[in-house]
Structure formats: C-alpha cells, structure tokens
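Predicted structure and sequence below. I'll ask about it afterward.
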Amino acid sequence: MPQPPATKTALTVAVDILARRLVSRHELRTKLAAKKLFPPGEIDAAIATLTKMGALHDDYLASDVARSYRSRGYGPARIRMALKKRGIAPELIEQAIEGTDDGFSFSTPRDEAADARDEDAENAFSALRRKAPQLLREPDIRKRKAKAVRFLVGRGFSYEDSIGATDRWLRENGAEEDDES
C-alpha cells in the first residue's frame, strides 16, 4: 500500500513548478507565496538554492521570451511590456531586446543602436507582409496605410519604424499614394 506523500517544502514545490515551465524569480516567488503554505524566509531560501544550483536564469528567460516574441512579429515595446510583466530586471530586459545577451558577434564593430533599429524595421516589415492579405482588402490607400501603421504600433514597433515599413510595403506592392492632395 502506497504511503502518503511527505509534507512538501518550498524547494520541492519550486522544483515542481520549474519542471513544468521556465519562470522568473519574481514569478516563482509569487507562485510560492500564493500557496500560503510557506513563510517568506523559506521561499527566499528555496529561490537562493535554485539560483545557486543554476536552475533559475532570468537572463536566459528574458532572451528566450524576446526571441519568441520577435519571431511572432512583435516589436520592442511589446517585448519590454511582456518581460516587465514577468518581473524581469530592467537591465536584463534591455539586454534581451538589444540581443546583447548571447555574447557572440561575428560582425565588425558597428553602432549597436543602428543595428537594433535596422532589425526592428526589418521585423516590422516582415510582420506587415504576414498581415498583407487582410490589408489588401482595403481599397482606399490612405486607410490601408493607416491600418498598417496602427497594426505595427499595436505590435510594439515605434511609430517611425511603422511608417517606414508601411511605406516600403506600399512601394513594393505598387500601391503608392500618387494622388496626394
């Protein structure tokens, strides 16, 4: 006959949580505190133990989330918001958005801010291309452009990147505004 499980500690519950998915220190602390089974000192000790063991990596989580959001067509503002919501430290958020967290660079030294702007503009253009079938249904060019810009800004891209990507997309689709009044 099976024996009843022993009383779980904050550490064992934390390990169970991490076994399901990667979470930040903040998320783990919140989840453990929500159970109302453990005193704050035990929660802090569990997080310290897991950090020391290398099981908690907010930097890895931040870069993974940023990469995932980028691949789904989201911009820096939306990525920043998602990481902040998960309790990631501001410096790790900026590293993840800039892509400097990997430590690998095969290019010559350049202006990193310019590289980030170029990447954001390219990501905005890619997101717009995926949205193209719905946008092309709008016959009015001005409305089409406004919808495209709203879509990109809603995805977290800057207004400048949104305008640039929209103009490029309109040029490539032969739908420039010839009748500007």
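Everything's here; your move.

Do a quick rundown of the strands in this protein.
Counting by DSSP state E, one finds no strands in the chain.

among the helices and strands of it, which one scores worst on average pLDDT?
Among the helical and strand segments of the chain, the one scoring lowest on mean pLDDT, DSSP states H and E is helix 112-135, with a mean of 81.

and that one, which residues are buried?
Within helix 112-135, the residues that count as buried by 16 or more other CB atoms under 10 Å are Arg117, Asp120, Ala121, Asn123, Ala124, Phe125, Ala127, Leu128, Lys131, Leu135. In this view, the C-beta of every residue, glycine as well, is placed from N, C-alpha and C.

do stretch 46-59 as well
Buried residues in stretch 46-59, counted by 16+ other CB under 10 Å: Ala46, Ile47, Leu50, Leu56, His57, Asp58.

which residues are in contact with that stretch?
Stretch 46-59 is contacted from outside by 9-11, 13-15, 18, 22, 24-25, 28-29, 32, 38, 88-89, 92, 95-96, 101, using CB atoms under 8 Å, 6 or more residues apart in numbering.

can you list the domains in this protein?
Recorded structural domains for the chain (assignment: automatic domain parsing) are 10-56, 57-106, 111-181.

mind checking how far the shortest one is from the chain centre?
Right, the one you point to is domain 10-56. Mean-position distance between domain 10-56 and its chain equals 23 Å (CA atoms, centre = their mean, to the nearest Å).

Quick one: mean pLDDT for that domain?
The average pLDDT within domain 10-56 is 92.

Count the neighbours of Pro90 for me.
The number of residues packed near Pro90 is 10, by other CB atoms under 10 Å.

give the contact list for it.
Pro90 is in contact with Lys84, counting by CB under 8 Å, 6+ apart.

One more pass at 10 Å, please.
Pro90 is in contact with Arg80, Leu83, Lys84, counting by CB atoms under 10 Å, 6 or more residues apart in numbering.

swap in Ile17?
Val23, Glu27, Leu28, Lys31, Leu32, Lys35, Leu50.

tell me the contacts of the second one?
Going back to what we said before, that points to Glu27. Residues near Glu27 by CB under 10 Å, 6+ apart: Ile17, Arg21, Leu56, Asp58, Leu61, Lys85, Arg86, Gly87, Ile88.

who's in contact with the closest residue to the fourth one other than its chain neighbours?
Put plainly, it is Asp58. Leaving aside its chain neighbours, Asp58 sits nearest to Ser24 (5.1 Å; criterion: CB to CB, 6 or more residues apart in numbering). Counting by CB under 10 Å, 6+ apart, Ser24 makes contact with 30, 56-58, 61-62, 65, 83, 85-89, 92.
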